[in-house]
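Chemist: okay, here's the prediction I keep looking at, along with the sequence it came from:
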Amino acid sequence: QKEVEQDPGPLSVPEGAIVSLNCTYSNSAFQYFMWYRQYSRKGPELLMYTYSSGNKEDGRFTAQVDKSSKYISLFIRDSQPSDSATYLCAMSRNSGYSTLTFGKGTMLLVSP
Amino acid sequence: GAGVSQSPRYKVAKRGQDVALRCDPISGHVSLFWYQQALGQGPEFLTYFQNEAQLDKSGLPSDRFFAERPEGSVSTLKIQRTQQEDSAVYLCASSLDGRNYGYTFGSGTRLTVV
């Protein structure tokens, strides 16, 4: 079993829909949780960064962390075709130097 | 530069050939990371540099993989005697101080071993 599990999709939604993406993990040492967006043939870019449990909102994006369930989510409101990409969750043990452990990514397709 | 630059963008190598992949990090970024992303998978850690010092190479899959950053800026990932299982995108990321929210990734080098 991998440390971080993420459904690869694809997830297809119409424009304007609310999108829910999630990851589960097994290592309770993870304290920092990130969501990256990766367009085709590009490197990942950081979308959201959270520490421990709780919610964080940034524009149309909301990240949730539930450490008791080892479950993290990313919600995208009013989805746009430009949101079509692969979304990767990533986690680390501390904020300083620490390797990131990624999920395999969920491909999201938003149709106009 | 404005971002992390990797070259070449694409590389096709015959099995058994040696390859060298280059990463130009953001100027002034102390930390540099290499990750390997196989098709349909998330990136997996290979190695980490702080300035010219290679502090962690625990993710390198075999002794055919070698990375260096001799002057603390440009880094090269070398793969000797390439095998088909080495086919992947190799991503470089740099960070001002190593903090995990400050990574900037390059677009990667797509290596195909035939």
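Modeler: That came through fine.
Chemist: centroid-nearest residue for chain B?
Modeler: residue B:34 (3.5 Å; Cα atoms, centre = their mean).
Chemist: ok, that residue touching residue B:92?
Modeler: Yes: using Cβ atoms under 8 Å, residue B:34 is in contact with residue B:92, at 5.7 Å. For every residue, glycine as well, the C-beta is placed using N, CA and C.
Chemist: with just CA atoms, put stretch B:29-49 into PDB.
Modeler: In PDB, the C-alpha atoms belonging to stretch B:29-49 read as follows (Å, rounded to 0.1, in the frame of the first residue of the first chain):
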ATOM      1  CA  HIS B  29      17.800  29.500  -4.500                       C
ATOM      2  CA  VAL B  30      19.900  27.500  -2.100                       C
ATOM      3  CA  SER B  31      17.900  24.200  -2.200                       C
ATOM      4  CA  LEU B  32      17.600  22.000  -5.300                       C
ATOM      5  CA  PHE B  33      15.600  18.800  -5.600                       C
ATOM      6  CA  TRP B  34      15.300  16.200  -8.300                       C
ATOM      7  CA  TYR B  35      12.100  14.100  -8.700                       C
ATOM      8  CA  GLN B  36      11.200  11.300 -11.100                       C
ATOM      9  CA  GLN B  37       7.600  11.200 -12.500                       C
ATOM     10  CA  ALA B  38       6.700   8.000 -14.300                       C
ATOM     11  CA  LEU B  39       3.700   8.000 -16.600                       C
ATOM     12  CA  GLY B  40       0.400   8.300 -14.600                       C
ATOM     13  CA  GLN B  41       2.200   8.600 -11.300                       C
ATOM     14  CA  GLY B  42       3.100  11.400  -8.900                       C
ATOM     15  CA  PRO B  43       6.600  12.700  -8.600                       C
ATOM     16  CA  GLU B  44       9.000  10.600  -6.500                       C
ATOM     17  CA  PHE B  45      12.000  12.100  -4.700                       C
ATOM     18  CA  LEU B  46      15.400  11.300  -6.000                       C
ATOM     19  CA  THR B  47      17.900  13.700  -4.300                       C
ATOM     20  CA  TYR B  48      18.400  17.000  -2.600                       C
ATOM     21  CA  PHE B  49      21.200  19.600  -2.600                       C
END
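Chemist: now that stretch: average pLDDT?
Modeler: The pLDDT scores in stretch B:29-49 average 95.
Chemist: just the strands in chain A please.
Modeler: In chain A, the segments counted as strands under DSSP state E are A:4-5, A:11-14, A:19-25, A:32-38, A:45-51, A:54-58, A:61-66, A:71-76, A:85-92, A:101-102, A:106-111.
Chemist: ugh, typo on my part, it should be chain B
Modeler: Counting by DSSP E, the strands of chain B are B:5-7, B:10-13, B:19-24, B:31-37, B:44-50, B:53-56, B:65-68, B:75-79, B:88-95, B:104-105, B:109-113.
Chemist: thank you, goodbye.
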